[in-house]
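J.: dropping a prediction and its sequence here:
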Amino acid sequence: MKALHIATVVLALSTGMALAENPEVGGAPMFEDKTIVENAMTSADHTTLVAAVQAAGLVETLQGAGPFTVLAPTNEAFARLPAGTVENLLKPENKDQLVKILTCHVIGANAMAADIMGMVDKDGGMHKVTTVGGCEFTLMTKDGKVMIEDGQGNIATVTIADVKQSNGVIHVIDTVLLPAG
């Protein structure tokens, strides 16, 4: 009987551990012991974001200790920008603008979706947040999903939440966030 009880506990623990694993992103496993950059580089859905981070010279920063919450737009999100926008931003002469946009996707904290939802609820449905890039965005929730309104009124939805990293967390989003004006 004791062996059966121990086996049940082990099974329950292993099942719980399986449920707590990081989701795959862009067809690749995400590992909690790797940095935001190391994991993002393996995602097929984030090749544009990785290229932008490299062009902006932010690789070393995002491999730092953090903690960081990165709102990571997919390739599809970048593709929805007006034609030529990404190519233009990747030019060396536009590095400052690219850095601004990318750092507006970073919050200097380890904010899991439940934490964000709690802040939104506590603030009556909307919570203002200032990003590392100095952008002020509004966090909100709808139908159990976290949403972010940028400085131009665009709304991004978190499509994959709580991808744990060694130096923070990634939330995959469906829209590129832009600073005001």
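T.: Here it is on my side, so go on. Being a predicted model, the structure only gives us computed values, none of them experimental.

J.: what about the longest strand in the protein?
T.: strand 155-165 (DSSP state E).

J.: which helices and strands sit right next to that strand?
T.: helix 36-40, strand 68-73, helix 113-122, strand 145-149, strand 168-173 (3 or more CB pairs under 8 Å, 6 or more residues apart in numbering; DSSP states H and E). The way it works is simple: take the backbone N, C-alpha and C, and place the C-beta from them, glycine included.

J.: possible to save the ones you listed as JSON lines with mean pLDDT?
T.: Below are these laid out as JSON lines (pLDDT from 0 to 100):
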{"stretch": "helix 36-40", "mean pLDDT": "89"}
{"stretch": "strand 68-73", "mean pLDDT": "95"}
{"stretch": "helix 113-122", "mean pLDDT": "94"}
{"stretch": "strand 145-149", "mean pLDDT": "95"}
{"stretch": "strand 168-173", "mean pLDDT": "94"}
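
J.: can you put these in a markdown table and add distance to residue 55?
T.: Output for those, formatted as a markdown table (distance: least, CB to CB, whole Å):
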| stretch | distance to residue 55 |
| --- | --- |
| helix 36-40 | 13 |
| strand 68-73 | 15 |
| helix 113-122 | 29 |
| strand 145-149 | 23 |
| strand 168-173 | 19 |
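
J.: including mean neighbour count and distance to residue 80, could the ones you listed go into a markdown table?
T.: Formatted as a markdown table, the helices and strands packed on strand 155-165 follow (neighbours: other CB atoms under 10 Å; distance: least, CB to CB, whole Å):
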| stretch | mean neighbour count | distance to residue 80 |
| --- | --- | --- |
| helix 36-40 | 23 | 19 |
| strand 68-73 | 25 | 9 |
| helix 113-122 | 15 | 23 |
| strand 145-149 | 20 | 15 |
| strand 168-173 | 24 | 12 |
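
J.: what about residue 77, which SS state?
T.: Put simply, residue 77 is helix when judged by DSSP: H, G, I helix; E, B strand; the rest coil.

J.: how close does residue 167 get to residue 95?
T.: To residue 95, residue 167 is 23 Å away according to CB to CB, to the nearest Å.

J.: more neighbours: which of these two?
T.: residue 167 (18 against 14; other CB atoms under 10 Å).

J.: count the residues that sit near the closest residue in space to residue 51 that isn't next to it in sequence.
T.: Of all residues not flanking residue 51 in the chain, residue 90 sits nearest, at 6.8 Å (CB to CB, 6 or more residues apart in numbering). Residue crowding around residue 90 was assessed by other CB under 10 Å; the count is 16.

J.: contacts only, for residue 90.
T.: 51-52, 55, 98 (CB atoms under 8 Å, 6 or more residues apart in numbering).
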